[in-house]
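Chemist: predicted model follows, preceded by the sequence.
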Amino acid sequence: MPKALIIDDSAVERTIISKVMTTLGYTILEANDGEEGEAKARATKPDIILLDVVMPKKDGFQVCRNLKKDATTGSIPIIMITSKNQESDKFWGMKQGADVYLIKPFSEEDLISAVKKATKT
């Protein structure tokens, strides 16, 4: 089974994302801040990462940049899921290496579409 790592400081958001990812056949791993998420990504090498931006310790932009620069995690698709909805935020997120930038609130269909785009399935 493929693994999805959800990095978000909101338990509610993690639950919403988990439900969709489970229906897509993913085993779920979770982290509730950027630092923990980055460490879990390196340790578990998930098949996809769903990453919030505004979090304690390290924000999603930093985590994305660090993981994409690392040879062991650089090829893992990353979907940024955030309430930061300005064009400049999206531009910055994509510049850090995000494969897809999804704005909260999102529908189940939006997330499924983002996963398909990120994983090219």
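Modeler: That came through, no problem.
Chemist: which SS class is the residue lying closest to K69 once chain neighbours are set aside?
Modeler: Nearest residue to K69, sequence neighbours excluded (CB to CB, 6 or more residues apart in numbering): G97, at 7.9 Å. Yep, even glycine has a C-beta here, placed from its N, CA and C like the rest. The assignment at G97 comes out as coil when based on DSSP: H, G, I helix; E, B strand; the rest coil.
Chemist: can you tell me how far G97 is from A41?
Modeler: 13 Å (CB to CB, to the nearest Å).
Chemist: and the gap between G97 and E109?
Modeler: Counting by CB to CB, the separation of G97 from E109 is 25 Å.
Chemist: quick one: pLDDT of the most centrally placed residue in the chain?
Modeler: Compute the mean C-alpha point of the chain, and by CA atoms, centre = their mean the closest residue is L50, 1.8 Å away. Confidence at L50, expressed as pLDDT, is 98.
Chemist: do the same with T121
Modeler: pLDDT, T121: 77.
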